[in-house]
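Q: no sequence on this one, just coordinates:
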């Protein structure tokens, strides 16, 4: 029998152990529109917010107050969904190439590429749509063969103490990776099936879930959820997320950047 101690010694963590966590609400403020039309990754730094846009694959550094563009970079990401900063360079989740890219913070030039762990097709048939999105046109039924399921990779990235944390929807897993050799050191299952943005609050790791319309706070050592924020059906849908002080910032991929107070 595999015990909890044995399971953890293998570098894995049991998900959502312990008591049931009651979700709480939060007041969401829409702060500004993104410079790109499909913001999908956020990272808070001293100078402002880095935004990775899934539509134009540019990385924008904007100020916190108005979303004014401080720097704009062309990147090699494909439908980029996550961004973080290691103190020297940017890390980008190139979702549709199933790669993690390390890029120059001043030019956007690719410095290195790595295969994303946990990549593959997602298994959700009806992903949640933003309440701000325009109505979709009715689809015409096809009599041909079913469309091929496309493999995708990471959606959320965070950096902490020399390690890269990666949220991957196809695997429903958060990975802790050592960039030296890009080796997985730890992994745990997520509470929802569409994990997205990641953000640190002290020793705790928050993860957005776009299908559940929520944020869950994890103990990164065990994978246990110890707090949850549930948005309403009227709030912008969470995709990229980051934390700056006591504020959680997140973006809806229809083009808005929002924030909410954690406590």
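A: That came in fine, so what should we check first? A quick note: this is a predicted structure, and the numbers were derived from the prediction, not measured.

Q: so which elements touch the helix or strand harbouring residue 226?
A: According to DSSP states H and E, residue 226 maps onto strand 225-230. Secondary-structure packing of strand 225-230 (3 or more C-beta pairs under 8 Å, 6 or more residues apart in numbering; DSSP states H and E): strand 214-218. Every residue, glycine included, has its C-beta placed from N, CA and C.

Q: name the strands paired with the strand it packs on and say parallel or antiparallel.
A: Strand 214-218 has the following strand partners under DSSP bridges: strand 204-209 (antiparallel), strand 225-230 (antiparallel).

Q: so which of the ones you listed comes closest to residue 238?
A: strand 204-209 (4.0 Å; C-beta to C-beta).

Q: buried ones in that closest one?
A: 205-209 (16 or more other C-beta atoms under 10 Å).

Q: also stretch 219-233?
A: Along stretch 219-233, these residues count as buried under the neighbour rule (16+ other C-beta under 10 Å): 219-220, 222-225, 227-229, 231.

Q: now swap in stretch 25-43 and tell me
A: For stretch 25-43, the buried set under the neighbour-count rule, 16+ other C-beta under 10 Å, comprises 26, 28, 31-32, 34-36, 38-43.

Q: now go through those residues and say which are in strands.
A: Assignment to strands by DSSP state E places the following of the buried residues of stretch 25-43 there: 31-32, 39-43.

Q: any weak-confidence spans in the protein?
A: Low-confidence segments of the chain, defined by pLDDT under 70, are located at 1-19, 139-144, 146-147.

Q: kindly recompute the last result at 90.
A: 1-20, 125, 135-149, 263 (pLDDT under 90).

Q: and the strands in the stretch 101-250 of the chain, which stretches?
A: Here the stretch 101-250 of the chain has its strands, by DSSP state E, counting those that start in this stretch, at 110-115, 156-160, 163-168, 173-178, 183-189, 195-201, 204-209, 214-218, 225-230, 241-244, 247-252.

Q: closest one to residue 95 among these?
A: Across these, residue 95 has its closest neighbour in strand 163-168 (9.7 Å, C-beta to C-beta).

Q: for the closest one, packing partners?
A: strand 80-85, strand 156-160, strand 173-178, strand 195-201.

Q: phi and psi next, for residue 97.
A: Listed backbone geometry of residue 97 is phi -100, psi 0, with angles given as degrees, to the nearest 10.

Q: and it, what is it in contact with?
A: Taking C-beta atoms under 8 Å, 6 or more residues apart in numbering as the contact definition, residue 97 lies against 77-78, 153.

Q: how about a cut-off of 10 Å?
A: Each residue near residue 97 by C-beta atoms under 10 Å, 6 or more residues apart in numbering is listed here: 76-80, 113, 115-116, 119, 151-153.

Q: ok, residue 70 next?
A: The contact partners of residue 70, taken as C-beta under 10 Å, 6+ apart, are 47-50, 60-63.

Q: in strands only, show me those residues.
A: For the contacts of residue 70, the ones inside strands are 48-50, 60-62, with DSSP E as the criterion.

Q: which one of the residues you listed has the most neighbours?
A: Across those, the neighbour count under other C-beta atoms under 10 Å reaches its highest value at residue 49, namely 27 neighbours.

Q: would TSV of the ones in strands among the buried residues of stretch 25-43 with distance to residue 195 be doable?
A: Listed next are these as TSV, based on distance: C-beta to C-beta, whole Å:
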residue	distance to residue 195
31	23
32	25
39	17
40	13
41	13
42	14
43	16
